[in-house]
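# got a sequence here, can you model it:
(one chain, ligands or ions: 1)
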Amino acid sequence: MKKSMLSRRDWMKWTALGAFSAANTGALRADFRHHNKPGLESNGTAYDGAAAAPARLTGGKVTRPAMEISQISECDVLVVGGGPAGCCAAISAARAGAKVTLVERYGHFGGLATGGLVLIILGHWVAGTDGPKQVLAGIGEEMMRRLEAMPDGIVNRKKGANPTIDAEVYKYLLVEMLTEENIEIFLHSWALDAIVDDEPDPHSGLPVVRGALFQTKTGPVAVLAKQTIDTTGDGDVFSTAGCAYDRRLYDIGLVHRLGNLDRAEPSKDQGAKPPRHLGDVTPIPGVRWVNMGGPVGDGVDVKTLSRLELEHRKQIWKQVQEIKKTPGYEKTYLMETAPQIGVRITRVLQGPQTLTIDQARAGKHFDDCLGVGGAWNAEHGPWEIPLSVLVSANVENILTAGRSLSADWGMSDVVRVIPNCWVSGHAAGAAAAVAAMEGTTARGANVAAVRDLLKKQGAYLGEE
Ligand SMILES: Cc1cc2nc3c(=O)[nH]c(=O)nc-3n(C[C@H](O)[C@H](O)[C@H](O)COP(=O)(O)OP(=O)(O)OC[C@H]3O[C@@H](n4cnc5c(N)ncnc54)[C@H](O)[C@@H]3O)c2cc1C
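This next block holds a predicted model:
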């Protein structure tokens with residue numbers, strides 16, 4: 001760029017930026033050079049706004065006009081939501097040879113186990129004849145082993161105990177495991193709607209899901225798929241496909257982490273009580289995670305979520321100030337509140353079968369068993385996860401797993417713990433892959449082939 005081509009104002013701006021950038025890092029310098037050099041063409045495209053299709057206000061009512069949506073991908077198995085269930089589903093389907101697309105609304109994976117700071121891994125033991133017996137196997141167990149091999153990944157992993165993981169290590173591990181499998185990944189993409197075929201299934205006459213629509217920064221985009229797994233936890237896809245489901249209210253909390261507890265000097269005075277709300281240990285010395293029950297609410301109601309975020313943040317702040325006022329605990333600090341509010345149960349799919357707590361306690365056997373779940377604290381025996389609780393009762397080619405699978409009230413509380421979400425996710429991924437590759441519906445998936453695949457992938461399907 002010659003000086004003669006610039007206005008005086010541009011030149012001043014350009015040299016000022018140059019002086020500023022010289023004092024900064026190479027990366028920052030490159031950024032400024034690229035974007036702020038006057039007279040250079042930008043690397044984008046100009047947009048005249050003529051193609052916009054805004055919502056309309058007509059007679060006091062807001063409507064959305066019909067518009068064509070750009071298709072960004074076509075795959076065998078679409079997994080929506082990259083929490084514990086969704087990541088296992090995507091990995092399983094990809095390892096089976098299916099072309100998998102995984103879409104997540106945030107910039108990281110792990111769902112409530114990372115973004116929600118839910119760090120303790122319950123539910124992978126059952127009551128056995130010689131004490132607690134681990135039922136978790138397959139991809140979830142592989143995750144635990146890999147966390148164990150990573151610095152600061154996991155603590156308290158021993159027989160009968162519930163270990164605690166580190167959210168950042170788990171986020172990183174998921175990136176590693178998902179990218180190892182050649183899975184197509186879209187982050188920052190929020191599922192809006194299921195895509196339902198105009199033609200019903202020729203055999204059952206039921207509607208057929210063909211993928212989902214996502215809202216992104218570039219606008220709405222479509223992913224077409226042979227099989228779609230809704231692991232958003234909240235049934236954001238199956239609820240828009242016309243699937244029957246229950247909408248439940250449950251406790252909604254907000255988790256946080258405290259720092260510097262290794263620097264606390266508890267009073268030696270016999271009568272002195274330690275402060276409340278100190279939480280539990282994590283793999284990082286001095287850092288503790290603090291769970292919150294919270295009031296019962298509707299976790300898919302935006303007004304409830306907004307109100308509880310504000311209330312919970314105030315409550316946490318107050319709790320931490322109380323701790324800091326306690327002699328010996330002055331150095332404690334609020335390290336982090338969970339970026340994601342702790343919604344436990346919302347929409348629960350209605351499948352051809354519904355798992356019940358009574359069936360689980362009685363150890364009921366299902367012919368279409370695709371996995372075995374554990375108890376919160378090894379207080380009861382193993383229970384089976386059949387295909388018929390992972391698929392919809394009234395819509396084809398849509399599956400779910402994790403906290404939204406078909407279960408009664410009591411059982412939802414068991415299926416939702418992280419290891420059980422790993423197991424049901426693993427099962428749903430395998431079932432979707434087999435259905436997509438054999439050209440059947442999800443409900444009609446070849447159970448023998450899915451079970452064989454799961455066994456090859458290291459899953460535990462019960463005593464044979
Ligand atoms: C406060 C709290 C404490 C808990 N304590 C424990 C505990 O101690 N031990 C334990 O084992 N379990 C505990 N749980 C339960 C456990 O954390 C969850 O049930 C489990 O993480 C559910 O896994 P999931 O994959 O089904 O769903 P989630 O973890 O909710 O993952 C869903 C994923 O989908 C994404 N998503 C959601 N909507 C969309 C959308 N529209 N488009 C795209 N992506 C979307 C989310 O961002 C997320 O990544 C607790 C839960 C809470 C809330």
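# wait, what's in contact with the residue in the stretch 251-400 of the chain that the ligand sits nearest to?
Nearest residue of the stretch 251-400 of the chain to the ligand, counting by CB to the nearest ligand atom: residue 342, 2.9 Å away. Every C-beta, even on glycine, is put in place using the N, C-alpha and C of the backbone. Neighbouring residues of residue 342 by CB atoms under 8 Å, 6 or more residues apart in numbering: 112, 116, 118, 252, 253, 254, 255, 292, 294.
# next: residue 399.
227, 228, 229, 230, 390, 391, 392, 428, 431, 432, 442.
# low-confidence ranges in the stretch 1-150 of the chain?
For the stretch 1-150 of the chain, the stretches with pLDDT under 70 are 1-42.
# helices of that one, residue ranges please.
8-22, 26-36, 84-95, 138-148 (DSSP state H, counting those that start in this stretch).
# let's see the pLDDT reported for the closest residue to the ligand within the stretch 351-464 of the chain.
Across the stretch 351-464 of the chain, no residue is closer to the ligand than residue 402, which sits at 2.2 Å (CB to the nearest ligand atom). At residue 402, the pLDDT value in this model is 98.
# same deal with residue 196?
98.
# if I look at the nearest residue to residue 386 once chain neighbours are set aside, how far off is residue 456?
With CB to CB, 6 or more residues apart in numbering as the measure, residue 366 is the residue that lies nearest to residue 386, at 3.6 Å, once sequence neighbours are left out. According to CB to CB, to the nearest Å, residue 366 and residue 456 sit 21 Å apart.
# more neighbours, these two?
For the pair residue 366 and residue 456, the greater number of neighbours falls to residue 366 (18 against 11), based on other CB atoms under 10 Å.
# and the more buried one, how far is that from residue 432?
With the distance defined as CB to CB, residue 366 ends up 18 Å from residue 432.
# likewise for residue 362?
Applying CB to CB to residue 362 and residue 432 gives a distance of 29 Å.
# more neighbours, those two?
When residue 362 and residue 432 are compared for neighbours, residue 432 comes out ahead with 35 against 12, by other CB under 10 Å.
# is the more buried one located within a helix, as I assumed?
Yes: when the secondary structure is assigned by DSSP: H, G, I helix; E, B strand; the rest coil, residue 432 falls within a helix.
# quick one: contacts for the residue nearest to residue 94 when sequence neighbours are not counted?
On the basis of CB to CB, 6+ apart, the spatially nearest residue to residue 94 that is not a chain neighbour turns out to be residue 181, at 3.9 Å. When the contact criterion is CB under 8 Å, 6+ apart, the partners of residue 181 are 90, 91, 94, 95, 100.
# most neighbours among these, which one?
Those, ranked by neighbours (other CB under 10 Å): first place residue 90, 35 neighbours.
# wait, isn't that one in contact with residue 79?
Yes: applying CB atoms under 8 Å, one finds residue 90 in contact with residue 79, separated by 4.4 Å.
# and for these two, which residues touch both?
Shared contacts of residue 90 and residue 79, defined by CB under 8 Å, 6+ apart, comprise 100, 102, 429.
# how close does the first one sit to residue 90?
Meaning residue 100. For residue 100 relative to residue 90 (CB to CB), the value is 5 Å.
# tell me, what's touching these two both at once?
77, 79, 181, 183.
# just curious, which of the residues you listed is nearest to the ligand?
Each of the shared contacts of residue 100 and residue 90 was scored against the ligand by CB to the nearest ligand atom, and residue 79 proved nearest at 9.5 Å.
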